[in-house]
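A.B. asks: need a 3D model of the sequence below.
(chains A and B)
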Amino acid sequence: MPLPAFDTPLIFETGQEGRANCYLPEAPALDTLLPKDALREDLPLPDNSELDVVRHFTRLSQKTFGIDTAFYPLGSCTMKYNPRINDAMANVPALRDLHPFAPDHAAQGALAVMWELERALASLFGMAAFSLNPAAGAHAELAALLIAKAYFKKKGEPQRNVVIVPDTAHGTNPASAAMVGFKVLSLKSDAQGRVDPEEMRKVVGPDTAVCMMTNPNTLGLFEPRIHDVADVVHEAGGLMYYDGANANALMGNTRPGDMGFDLMHLNLHKTFTIPHGGGGAGAGPVGVAAHLVDFLPTPVVRAFGADGKPLSATGWTESAELTFALDFDRPDSIGPMRSFWSNFAHMIRALAYCYANGADGLTTVSKLAVLNANYIRASIRDVLDIPYDEINRHEFVASAQSLKRETGVRALDLAKALLDRGYHAPTVYFPLIVPECLMIEPTETESKETLDAFITALREIVATAKSDPETVLATPVNTAVGRIDETRAARQPDLRWRPPQ
Amino acid sequence: MYTPHTAQDIEAMLRVIGVDSLDDLVRVPDAVALRAPVEVTPRLSEIEIAGRFRQHAERTTAGAYTAFLGAGAYRHYVPPVVGAIAMRGEFLTSYTPYQAEVSQGYLQAIYEWQTYIALLTGLDVANASVYDGATALAEGVIMAVNATGRKAVLVSKAVHPNYRAVLRTYAEGLDLDVDELPYGEDGCTDLSNLEAALAEQRYAAVVVQSPNFFGVVDALPNGIAQKIKATKTVVIGVVAEAMSLAALAAPGSWGAEICVGEAQSFGNAIAYGGPHVGFIAATTEHLRRIPGRLVGKSVDSEGRTAYVLTLQAREQHIRREKATSNICTNQAHCALCATVYMAAMGKTGLRNCAALNVARANELRAKITKLDGFAARFGGPTFNEVVIRVPGRARDVLAALEKKQILGGIELGRWYPELDDCILMTATELTTSADVDRLATALSEIPVRAAARV
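C.D. replies: Take a look at the predicted model:
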């Protein structure tokens, strides 16, 4: 279903000064309240009626593609359905309007939400504890590397400053490492797209701090020798970090803790159905094994039993009989990562999703995510290259390399042709090690009918590429705009509207 | 569960794949098999989920109190139109707009957000947002470090303590020294030793906040920014209460080259601390050091106006370890809420709202300082917060107020031991005269303990 094409003027080009809405009571003039030199001279913002504001943003929404619009097979992003009950719960007034400086005794329910979620995540991923503090996945990576740095400092091994990252890794991994002053060592995958423990053995040493991996990796392949890789890193004195971007593949099946990881993060906006919202806000809990708990960011939620004694960490616990407190007094902590305690509204959404599934449900979620991905792979393997043609996990990588050689049609062109058919494009040109790649992640919330229609569309586009490549190269034509001049955008940056002189 | 598969679907799909069972698809080596059963919440229906959250809400009693809490998270009126627009599924469920052809609406909204922030801060450009105010400060400092090559920063003690704490967390990774400027008797940053401090040219940036953590207008006085810049040091202005930008002199006008802050006040819920929405604005000179996403205006193949994520050569997915930051998400949806809010309020509404905030805080100050033993701790003009010195310890006064169903403010002794007899009180357009009267009455009824300060 094509998105409508119509020009929408900027909000700054609309309205008339003084066209006020009726939100506020009468206010005194500012210059009667504050000294003149403290005040600003002008505020060149538009005044619009509420109706015009509603129309403006409704039209903008109609030119925006979401999961609610159609199938969104964007690899590595886990664009699954975002259940509306989650948003309804996040909007319960007592929780939505709670101030972070409210005393603990007046915030017990909110602390219970954080505690229950933290316990569920710890059990689900085999970690001793999680901190819900970081604001997003990359932010949690930064927290984890700061934890590693603090751990080695305390251990008297501050020379450990090398982070080993497989060449399939997400770009955030090396960028996060650079932010804590760690050097990045990129490790080449083997012919099967996996990390070889023997190769790992060649690069670890007394300077090894952390090995950052995801499993399944960004090719969607399970690392079968992950345990051996972890042993090699541990023997060298390093820590294993699990990038939880692909956690949707393994819930209830295997756990990072059982694979030998010491630290990990989760993207709650992927696996736990928090809406991506156009690129945030996300949420990135950071989890650690027992030897790293003291270094977690502040604050952490502590629970106390009916006897008033602190509860030792266990699996998921009924919160009704417990009381809770925020603990800021943690001498070994790396400190806070952000202004306040967590992206709490998202913790509500994630917990609501846990409630809706339970352990069995989450296990099924992962199995069906894997089923859907394999079904698409098996259904297109005769028309596109599948560089690693084996049972994959929740996503897989196809390549347009042969097609490009034959017809000149690239992965990017296939992506744009899919937009014309009303689908979102897969991730293209990532991971970096597969040329002309398309990374496809359907998620478990899509039905067989949706997948079949997508497969048909993709096959037809490939057929058109072979018979009439120009048609594919000219796509998209059914979208609000055609292909955009990105060079001009970067060379002559126009990043804002300016008032007419 | 939100999975549509029937048993027949699963069977048919497994046949196409060529395996016999779902378990065959997810088999893992014994070495990494589950070591313990997974214990998560019990599985509930939607009716039961709502019931559980009702219990959580009932245990969250803060809403039953009359509250004067602020300090970086502010209770403001949010017109229902904000939620009505923001909850549209296209906005709520879209990914980062990398596929620009099908994301023109969101891209334009972010371009409008960037414009609002640039206009409000009085600077040339703003990014698509960052996590929150504290992380915006940390990222702003990194910009200054990259601009100057210096590994130290000078921060006013009147900057929000949480922001300074986060800066210290980041500084540990970046190997950065964080030094502090004291505050003076008027509540403003004490600049008397600034020139001496700058003489060594070791600071990447001077950081001040206005209104500062004490609520006091703390813009740099005339001429100071020029002196700072003369030592090739970057001036960073922090704004933890974005509503103030509608009234107070724009940070760009008093010399900030980088302005960082928190825009939760614009149409976003407090939500126990997040998600909120940080912003970074800067002069053009710093454009290529700005972290995170930027939306630019360009044209499409037909010459039509088109928006697109741009200058991505700064970002982690292209530059990896050489990126300006590891930031991958922004707070797009929170920025969208803020943009809808600003559009609905308009210039007139925002200015009126800012005026109401000042007026209500002035009323609070007037009524409380009339009471015996209570005084404004600092003299300078304030926006919507005021530091009140109380007889005895602030902690005891706040505890007594809680017994009367009032959350009277924030105890400053938590971060400033020398201010343990001070409470930071906040009033906004949602604070009524009756609320203030209730607070004043309650305070007058608290038995005044001998202020036996050691």
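
A.B. asks: okay, CA-based contacts and neighbour counts for the rest of this
C.D. replies: Will do.

A.B. asks: need the nearest residue in space to B:V40, chain neighbours excluded.
C.D. replies: A:A120 (4.7 Å; Cα to Cα, 6 or more residues apart in numbering or on different chains).

A.B. asks: can you check B:A144 too?
C.D. replies: Closest residue to B:A144 apart from its sequence neighbours, by Cα to Cα, 6+ apart: B:A204 at 5.5 Å.

A.B. asks: mind listing what the one you found touches?
C.D. replies: Applying Cα atoms under 8 Å, 6 or more residues apart in numbering or on different chains to B:A204 gives the contacts B:141, B:144-145, B:147-154, B:232-234.

A.B. asks: buried ones among those residues?
C.D. replies: B:141, B:144-145, B:147-148, B:150-154, B:232-234 (16 or more other Cα atoms under 10 Å in any protein chain shown).

A.B. asks: that older thread, the residue nearest to B:V40: neighbouring residues, count only.
C.D. replies: Residues near A:A120, counting by other Cα atoms under 10 Å in any protein chain shown, number 26.

A.B. asks: mind putting the buried ones among the contacts of B:A204 into CSV with pLDDT and secondary structure?
C.D. replies: Listed next are the buried ones among the contacts of B:A204 as CSV, based on pLDDT from 0 to 100; DSSP: H, G, I helix; E, B strand; the rest coil:
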residue, pLDDT, secondary structure
B:V141, 98, helix
B:A144, 98, helix
B:V145, 97, helix
B:A147, 96, helix
B:T148, 97, helix
B:R150, 97, coil
B:K151, 97, coil
B:A152, 98, strand
B:V153, 98, strand
B:L154, 98, strand
B:K232, 97, coil
B:T233, 98, coil
B:V234, 98, strand
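
A.B. asks: out of those residues, which comes closest to B:V387?
C.D. replies: B:V387 has its nearest neighbour among the buried ones among the contacts of B:A204 in B:L154, at 24.1 Å by Cα to Cα.

A.B. asks: identify the residues contacting stretch A:390-404?
C.D. replies: Residues contacting stretch A:390-404 (Cα under 8 Å, 6+ apart): A:75-76, A:216, A:219-222, A:246, A:248-249, A:366, A:369-374, A:377, A:384-388, A:409-411, A:434-443, A:462, A:466, B:25-26.

A.B. asks: circling back: the helix or strand containing the residue nearest to B:V40 - contacts with which helices or strands?
C.D. replies: Secondary structure assignment for A:A120, by DSSP states H and E: helix A:108-125. If contacts are counted by 3 or more Cα pairs under 8 Å, 6 or more residues apart in numbering or on different chains; DSSP states H and E, helix A:108-125 sits against strand A:129-131, strand A:300-304, strand A:323-327, helix A:344-380, helix B:46-58.

A.B. asks: is any part of the longest one close to chain B?
C.D. replies: Yes: part of helix A:344-380 sits close enough to chain B to count as contact by Cα under 8 Å from any Cα of the partner chain, namely A:344-346, A:352, A:354-359, A:361-362, A:365, A:367-368, A:370-371, A:374-375, A:378-379.

A.B. asks: next secondary structure element downstream of that helix?
C.D. replies: Counting by DSSP H and E, what follows helix A:344-380 is strand A:396-399.

A.B. asks: now do the buried residues in the helix or strand just after that following strand.
C.D. replies: Proceeding N to C from strand A:396-399, the next assigned helix or strand is helix A:401-407, under DSSP H and E. Within helix A:401-407, the residues scored as buried using 16+ other Cα under 10 Å are A:401, A:403-404, A:407.

A.B. asks: one more: stretch A:493-501?
C.D. replies: Buried-residue list, stretch A:493-501, by 16+ other Cα under 10 Å: A:493-497.

A.B. asks: can I get those residues in CSV including distance to B:I446 and secondary structure?
C.D. replies: As requested, those are exported to CSV (distance: Cα to Cα, whole Å; DSSP: H, G, I helix; E, B strand; the rest coil):
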residue, distance to B:I446, secondary structure
A:P493, 60, coil
A:D494, 58, coil
A:L495, 55, coil
A:R496, 53, coil
A:W497, 54, coil
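
A.B. asks: got those as JSON lines, with pLDDT columns?
C.D. replies: Converted to JSON lines, these look like this (pLDDT from 0 to 100):
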{"residue": "A:P493", "pLDDT": "95"}
{"residue": "A:D494", "pLDDT": "97"}
{"residue": "A:L495", "pLDDT": "97"}
{"residue": "A:R496", "pLDDT": "98"}
{"residue": "A:W497", "pLDDT": "97"}
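
A.B. asks: could you export those as CSV, including distance to chain B?
C.D. replies: Shown next, in CSV, are these (distance: Cα to the nearest Cα, whole Å):
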residue, distance to chain B
A:P493, 6
A:D494, 5
A:L495, 5
A:R496, 5
A:W497, 6
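
A.B. asks: quick check, nearest of those to A:A144?
C.D. replies: Closest approach to A:A144 among the buried residues of stretch A:493-501 (Cα to Cα): A:L495, at 33.6 Å.

A.B. asks: what about the residue lying closest to that closest one once chain neighbours are set aside, helix or strand, and which?
C.D. replies: The shortest distance from A:L495 to any non-neighbouring residue, by Cα to Cα, 6+ apart, is to B:G296 (4.6 Å). Using DSSP H and E, B:G296 maps to strand B:295-299.

A.B. asks: check A:L451 too.
C.D. replies: Element membership for A:L451, per DSSP H and E: helix A:448-467.

A.B. asks: now A:L221
C.D. replies: A:L221 is part of no helix or strand, with elements assigned from DSSP H and E.
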